[in-house]
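Enquirer: Next one to model:
(chains A and B)
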Amino acid sequence: MNWTFFHKLGSPKWFYDISTRLQPWFAAIGLLMLTTGAVWGLAFAPQDYQQGHSFRIIYLHVPTAILAQSCYMMMALCAFVGLVWRMKIADMFIASAAPLGAAFTFLALFTGAVWGKPTWGTWWVWDARLTSMLVLLFLYFGLMALRAAFEDSEMSAKASAILVIVGVVNIPIIKYSVEWWNTLHQPATFKLTEKPAMPAEMWLPLLVMIIGIYCFFAAVLFSRVRNEILERERRTKWVRQIVETEASP
Amino acid sequence: MSETGHSLLFVLRVVLVREFLAAFRKRQDLANPLVFFVLVVVLFPLGVSPEPDFLAKSSAGVVWVAALLAMMLSLERMFRSDFDDGGLEQLVLSPQPLYLIVQIKVFVHWCLTGLPLILLSPLLGTMMHLPAEHLPILCLTLLLGTPTLSLIGSIGAALTVSLRSGGVLISLIILPLTIPVLIFGTGTVLASVDGLAVGGYLAILGAILALTFTLAPLACAAALKMSVAS
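Expert: Down below sits the predicted model:
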């Protein structure tokens, strides 16, 4: 098998070039799908027979919650790649993704609280799903604190990679918390193996929102990673050339 | 004994004896987490409510949270002095597996912090009006839980040992990971108070211990190598 593509991935310059081309696409598709999904879900999807209009926050809650966990899994993958193949770019991904993951986790918790008030009658319950998401938020915070504490970027990369991999134990706990324990939180909305329990006109906009938010995440992540590349590789020739051409009128 | 150095068991015994010796030369450091443990527990009846009913219900949680905090407090010294005097480098460079050396160090840390906490817990449980027949359960959960805390904590201690301000950071990165232990630890005692079977809870605590016992030293050893390389 030809592994050149894999080693190319480790080159910041290669990634900078390809992400410059891909980023506008992700941004455009993401914004388009988020707008479509939001308007469709919030205005046109039928009401829930029990929850009325309040269920519509699902179109924000589920995508942000899924992304919060996916983001951590992506970081764990990067941590593994960074530790094994010593790719510089892996740590740039972790550095760029951590605040995003924290933001999405916070959004998932916040929208969950807003949804919980009309349906459960309370903003917050200490049930397994909610608690494990809160733990995820603290994992993101801990990682950011650890990264900030190191001055040397190579050590910071290794330390955060180890911490990210250790923290992966929380992901299955979040995922299966609704199945292992009798929780107030409902079971997963989407499963790969089963048909959703909602009619198509309700879950289709949700699917659009989920794909949209992934594209949006990719777009934001790419621009953050590109910033990170420019900053860390600022002494290389190709970055200087980019800066010079951008600076000259 | 081979030509390349001392046998594994010899090295592990040396590390074990050295750890205990070094710890007993600074006896005050050993007492501090215990005093802290008692103080935190005392804060609850004084700060929240001295009602026996309330205390009995919250006793397991309070003792567990206090034990968790006391363990966190003592984590920093796990590798600190070795890092400062260069002993840690010698351990990392030694031809014997760092994995096992870490196990020994964690074991000593637990003997000097976790074990005294367990011995103190019946006293504090009684002060918190936990019925006497549930005290053994409380001790048993701590016996299964505190080694896990030492093991998870060793990762945090190893990651931050090269940083000047490790203290708060260790708690910040380790506490989220210890929450499952806390939940099942207090859950066991609460189940026992409610007259339910505790076997399942204890089995989960044991499973978490087995998992951290095998995997945490790997992460800890990797973190130590990273810290020493600086």
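
Enquirer: Can you name the residues that contact the closest residue to residue B:110 other than its chain neighbours?
Expert: Spatial nearest neighbour of residue B:110, chain neighbours left out: residue B:150 (4.3 Å); criterion: C-beta to C-beta, 6 or more residues apart in numbering or on different chains. For every residue, glycine as well, the C-beta is placed using N, CA and C. With contacts defined as C-beta atoms under 8 Å, 6 or more residues apart in numbering or on different chains, residue B:150 is in contact with B:71, B:106, B:109-110, B:113-114.

Enquirer: Considering the residues you listed, which is situated nearest to residue A:137?
Expert: Among these, residue B:71 lies closest to residue A:137 (C-beta to C-beta), at 22.7 Å.

Enquirer: where's the spatially closest residue to that closest one that is not a sequence neighbour, which helix or strand?
Expert: Distances taken as C-beta to C-beta, 6+ apart place residue B:149 nearest to residue B:71, at 4.6 Å, with adjacent residues excluded. Assessed by DSSP states H and E, residue B:149 sits inside helix B:135-160.

Enquirer: Quick one, grab the pLDDT at the residue nearest the centre of chain A.
Expert: For chain A, residue A:71 is the residue whose C-alpha lies nearest the centre (C-alpha atoms, centre = their mean; 3.4 Å). We note a pLDDT of 96 for residue A:71 in this prediction.

Enquirer: who's in contact with it?
Expert: A:97, A:100-101, A:104, A:217.

Enquirer: roughly how far apart are it and residue B:141?
Expert: Distance, residue A:71 to residue B:141, using C-beta to C-beta, to the nearest Å: 34 Å.

Enquirer: Tell me where chain A has helices.
Expert: Applying DSSP state H to chain A gives helices spanning A:4-9, A:12-39, A:58-85, A:88-120, A:128-149, A:153-167, A:170-180, A:200-232, A:237-247.

Enquirer: and the angle from the helix or strand encompassing residue B:190 to helix A:128-149?
Expert: Here residue B:190 sits within helix B:167-193, counting by DSSP H and E. With axes from the mean of the first three to the mean of the last three C-alpha atoms, to 10 degrees applied, the angle from helix B:167-193 to helix A:128-149 works out at 160 degrees.

Enquirer: what's the offset of helix B:167-193 from the middle of its chain?
Expert: 11 Å (C-alpha atoms, centre = their mean, to the nearest Å).

Enquirer: What residues of it count as buried?
Expert: For helix B:167-193, a neighbour-count test (16 or more other C-beta atoms under 10 Å in any protein chain shown) marks B:169-193 as buried.

Enquirer: Within range of chain A, give me the residues from chain B.
Expert: B:155, B:159-160, B:162-163, B:165, B:169, B:172-177, B:179-180, B:183, B:219, B:222-223, B:226-227, B:229-230 (C-beta under 8 Å from any C-beta of the partner chain).

Enquirer: gap between the nearest residue to residue B:60 once chain neighbours are set aside and residue B:208?
Expert: Leaving out its chain neighbours, the residue that sits closest to residue B:60 by C-beta to C-beta, 6+ apart is residue B:189, at 3.4 Å. Counting by C-beta to C-beta, the gap from residue B:189 to residue B:208 is 16 Å.
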